[in-house]
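Colleague: Sequence and predicted structure are below.
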Amino acid sequence: MRDHRKLKVFQEADELALDVYQITAHFPKEELFGLTSQMRRASVSIVSNIVEGCARQTLSDYLHFLDMAFASARELAYQCSLAFRLKYMSKECGQNLEYKCEEVCKMLCGLTRSLRAKKNSGEFV
């Protein structure tokens, strides 16, 4: 069994989700069921897919959930950009979230690439 808590990408994605919740708490109330909800769901989806992938028995399933985590991270990156352009957050908050989304995406790509290489070489146990 893989321990998701040992993965740096899990730790970074978890921190990103916490940041999203804190920042969106200050969004306009009319966005509660709109952008606020979407950003929160996307951020939790990233972390949840990493956790669920780690719990899967096969490498193919693990990779599938990492791919879904990556897609949610890209979705969140766009939503952060939109929220910033709508002036729902400061430039500093927007840049911080954008940076964290990009870092999580890079980590997910690296992990996925590494696991696919091991799978293709028959090295993965």
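Modeller: Okay, I see it. Everything numeric here is computed off the predicted structure, so don't read it as measured data.

Colleague: okay, CA-based contacts and neighbour counts for the rest of this
Modeller: OK.

Colleague: Tell me the first helix or strand C-terminal of the helix or strand encompassing L76.
Modeller: Applying DSSP states H and E as the criterion places L76 in helix 59-85. Using DSSP H and E, the helix or strand that follows helix 59-85 towards the C-terminus is helix 91-121.

Colleague: about what we covered before: give me the angle between the helix holding L76 and helix 91-121.
Modeller: Comparing the axes of helix 59-85 and helix 91-121 via axes from the mean of the first three to the mean of the last three C-alpha atoms, to 10 degrees yields an angle of 160 degrees.

Colleague: So, low pLDDT: which residues of the protein?
Modeller: Filtered on pLDDT under 70, the chain yields the residue ranges 1, 124-125.

Colleague: where's the spatially most central residue of it, which helix or strand?
Modeller: Central residue of the chain (C-alpha atoms, centre = their mean): I46, 3.4 Å from the mean position. Taking DSSP H and E as the criterion, I46 maps to helix 35-55.

Colleague: returning to what we had before: look up the closest residue to the residue nearest to the centre of the chain, ignoring the ones flanking it.
Modeller: A69 (4.3 Å; C-alpha to C-alpha, 6 or more residues apart in numbering).

Colleague: thinking again about what came up before, who does the helix holding L76 touch, helix- and strand-wise?
Modeller: helix 35-55, helix 91-121 (3 or more C-alpha pairs under 8 Å, 6 or more residues apart in numbering; DSSP states H and E).

Colleague: same thing but 10 Å
Modeller: The contact analysis (3 or more C-alpha pairs under 10 Å, 6 or more residues apart in numbering; DSSP states H and E) places helix 59-85 against helix 8-24, helix 35-55, helix 91-121.

Colleague: Just the angle for that helix relative to helix 8-24, thanks.
Modeller: 30 degrees.

Colleague: Please consider this matter closed, and thank you.
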